[in-house]
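Peer 1: quick one, fold the following:
(2 chains, ligands or ions: 2)
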Amino acid sequence: MQLIENLKNEEKQWIITTIDLWKIYKSGKIEYPALRGINMKIRKGEFIAIVGPSGSGKSTLLNLLGALDRPTKGKVIIDGTDISKLKSNELAELRNKKLGFIFQTFNLIPYMSALDNVEVPMIASGIPPKERKERARKLLELVGLKGFEKNRPSELSGGQQQKVAIARALVNNPQIILADEPTGNLDSKSANEIIEILHDLNKRGVTIILVTHNLNLIKYCHRVFWLKDGLIEKEVEQNVKD
Amino acid sequence: MRFTDIFKWGLRSLRERKLRAILTILGIVVGTAAIIALVSQTEGIQASIIEQMNKLGPNTILLRPASPSIILTDKDVNRLLQIPNVELVIPIITSSVKIYGIQSSRNVQIVGIDPSKFGILIPGYELREGRLFQTLSYSEIVIGSNVYKPQDLTSPFLNVGQTTTIESRSTRMIVNIVGCLEPYGMTALVSVDDSIFMSLKALANFLGRTSYSAIFLKTISPDVVDEVVDNIRAIYGNNLNILTVKQITQIVSSVTGMLTMLLGSIAAISLFVAGLGIMNIMFVSVIERTREIGVLKALGFKDRNILAIFLSEAGIVGIIGGIIGIIIGSIISYIMPHIMSFTIGRSFSAQISSFSYTPIIRPEMIIFVFFFAIAVSLLAGLYPARRASKMDPVVALRHE
Ligand SMILES: Nc1ncnc2c1ncn2[C@@H]1O[C@H](COP(=O)(O)OP(=O)(O)OP(=O)(O)O)[C@@H](O)[C@H]1O
Ligand SMILES: [Mg+2]
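Peer 2: Ligands and ions are numbered 1, 2, ... in the order given. Just a heads-up that it's a prediction; the model follows:
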């Protein structure tokens, strides 16, 4: 009995678990295994980095961890739920409530103001406009964009756009933030700002999974997974000082 | 997702591509306006014809010789009066004569009728000036409003109190114009405004005829019309053309009904074409916004949310296009009779120009057309919107 209890408690601390995760892309007759059996466990509140050469499968893995895609084989368990058993609507719900995405190309909606962009995930969950505006405003302030609420993405710098994207990712209080090369299109100053914001969020308890090429950006990461040819080559623990 | 958010989203992305939105809306406007404008004309024409028929009363029967060799005389009038349930028998003579004005002459229809029956042939007529002719007067005529003042003239062609000449096959007669009618429109046989009227006996005398052109017959009630018709047939067989107002009304209804269907469906086709336009534009939009769709899915929008956002665009095009189309269609609808009577009046003689009608736009038609426009738009948007909603988020995010 005690053993099972312990096991359960042990399970509870993992917010994401993958078991023998495979992703095989098929184009015509050619099959390409982008992931070849990934086993990883991520703790609640951890700051994780996934690094590796181009084409090693980082984005593919992140999409699976973010419930955007389904594995060819194996399991992804997010907060206790095996996502392979979920319908596409339930996956959407999960992404909306528990996950926040940040992309290399920001991916803001071009015809919406910064404030409206931050509101978007709350529209999906049917939150009333007044509450949406309030929350979005607060988050823009948090990422340092007070006064830019009305600007459209085209009227913002890359760094500012990425901050809007972070505010948008945070708006439904997600447990996990997934960031795929969030600084890839930014100069080093903006890149550092973004990393500081992520670090800050992590200190507040948000689990963060960061995919990057840039090893200067992983100083706050508790663990770094090195990916190569669809496999975890090594896993490095880091000592993080605040 | 809330309905108002879906709606606002659709509106916003339409506004983002204004020119494109305006062009697609224009397609729906044209289709909707065409349906309203055309169908309202035929319905107006139908109502106007039926109204004129009904002026004569549903208990009216019209008899005309089936061929020139058949001759209707007073003998026939008496015979018809013997038939049970026949209330009135009114013989008339119609012909065409030349009438001389101050500077020119015109061809007009002349109708000979006993003045005591004038009000039955032309119910509710009003005299603008003067009086009716008398039974025994051989030289008195009453003129219709277009003969008094034809539409192409600025001053009267003839005046009441004046003497003029009428001519038929080189026989001439001097007549006194004793009265002039107010504009009336048409009845079953006569284009009142373009005709002149004379005592039956006088006209028979002038034309040298003893036979009648037609006989109007009134039954004691509309219910016995069929029975009386059967009796007339029993006597005359196929020698007479028998028309009842009931029949004419039915024929007119079915002909204009067919016309309504025809014009309505031509207009509806244009609405379908507009739908194809919407479909085309929507596909372009879906492809252009592939990345946006991927982002929305990543942010937790469900397939049906995406579907709703894109469908709302199509729906809004339908709503706006429908409303504008109905307004423009109504305006065109009321202008059309003027244009038509203008062109008809120019290209034909004055005979038809007096036919006037008011287009009828029924509320049911407006509602139907409005929802039809929306339905066509939604249907056109459905397939592209489904495409959008079914996109794989990972593939969509990789787009470009
Ligand atoms: N949809 C797809 N169809 C076919 N092959 C794909 C597809 N997506 C990715 N791949 C392949 O899978 C491999 C891993 O791709 P992935 O995008 O995960 O790499 P990555 O590590 O993120 O690279 P980068 O650092 O360049 O972003 C690559 O070789 C890529 O070509
Ligand atoms: Mg990548």
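Peer 1: helices along chain A, start to end?
Peer 2: A:2-12, A:58-65, A:88-98, A:114-124, A:129-142, A:158-170, A:188-203 (DSSP state H).
Peer 1: residue of chain A closest to chain B, please.
Peer 2: residue A:96 (2.3 Å; C-beta to the nearest C-beta). For every residue, glycine as well, the C-beta is placed using N, CA and C.
Peer 1: local confidence estimate at the residue nearest to the spatial centre of chain A?
Peer 2: Centroid-nearest residue in chain A: residue A:178, 0.5 Å away (criterion: C-alpha atoms, centre = their mean). We have a pLDDT of 97 for residue A:178.
Peer 1: hang on, it packs against residue A:98?
Peer 2: No - Residue A:178 lies out of contact with residue A:98 (C-beta atoms under 8 Å); the separation is 10.7 Å.
Peer 1: show me what contacts the residue of chain A closest to chain B?
Peer 2: Residues counted as contacts of residue A:96 (C-beta atoms under 8 Å, 6 or more residues apart in numbering or on different chains) are A:121, A:124-125, A:172, B:299-301.
Peer 1: now do 6 Å
Peer 2: A:124-125, B:300 (C-beta atoms under 6 Å, 6 or more residues apart in numbering or on different chains).
Peer 1: and the least confident of the residues you listed?
Peer 2: Out of the contacts of residue A:96, that is residue A:125, at 91.
Peer 1: burial of it, as a residue count?
Peer 2: 16 (other C-beta atoms under 10 Å in any protein chain shown).
Peer 1: ok, and the closest non-adjacent residue to it?
Peer 2: Spatially, and ignoring its direct neighbours in sequence, residue A:125 is nearest to residue A:96 (5.6 Å; C-beta to C-beta, 6 or more residues apart in numbering or on different chains).
Peer 1: measure that neighbour to ligand 1 for me?
Peer 2: 24 Å (C-beta to the nearest ligand atom, to the nearest Å).
Peer 1: now residue B:298
Peer 2: Distance, residue B:298 to ligand 1, using C-beta to the nearest ligand atom: 15 Å.
Peer 1: that residue against residue A:101, yeah?
Peer 2: Yes - using C-beta atoms under 6 Å, residue B:298 makes contact with residue A:101 at a distance of 4.8 Å.
Peer 1: run a quick neighbour tally on residue B:332.
Peer 2: Residue B:332 has 18 neighbours, counted by other C-beta under 10 Å.
Peer 1: what's the angle between the host helix or strand of it and helix A:88-98?
Peer 2: Using DSSP states H and E, the element containing residue B:332 is helix B:303-347. If you take axes from the mean of the first three to the mean of the last three C-alpha atoms, to 10 degrees, helix B:303-347 sits at 110 degrees to helix A:88-98.
Peer 1: please name the nearest non-neighbouring residue to residue A:22.
Peer 2: residue A:73 (3.9 Å).
Peer 1: what count of nearby residues applies to residue B:333?
Peer 2: Residue B:333 has 22 neighbouring residues, counting by other C-beta under 10 Å.
Peer 1: quick one: it and chain A, what's the gap?
Peer 2: 38 Å (C-beta to the nearest C-beta, to the nearest Å).
Peer 1: quick one, what contacts that residue?
Peer 2: Neighbour list for residue B:333: B:36-37, B:40, B:359 [criterion: C-beta under 6 Å, 6+ apart].
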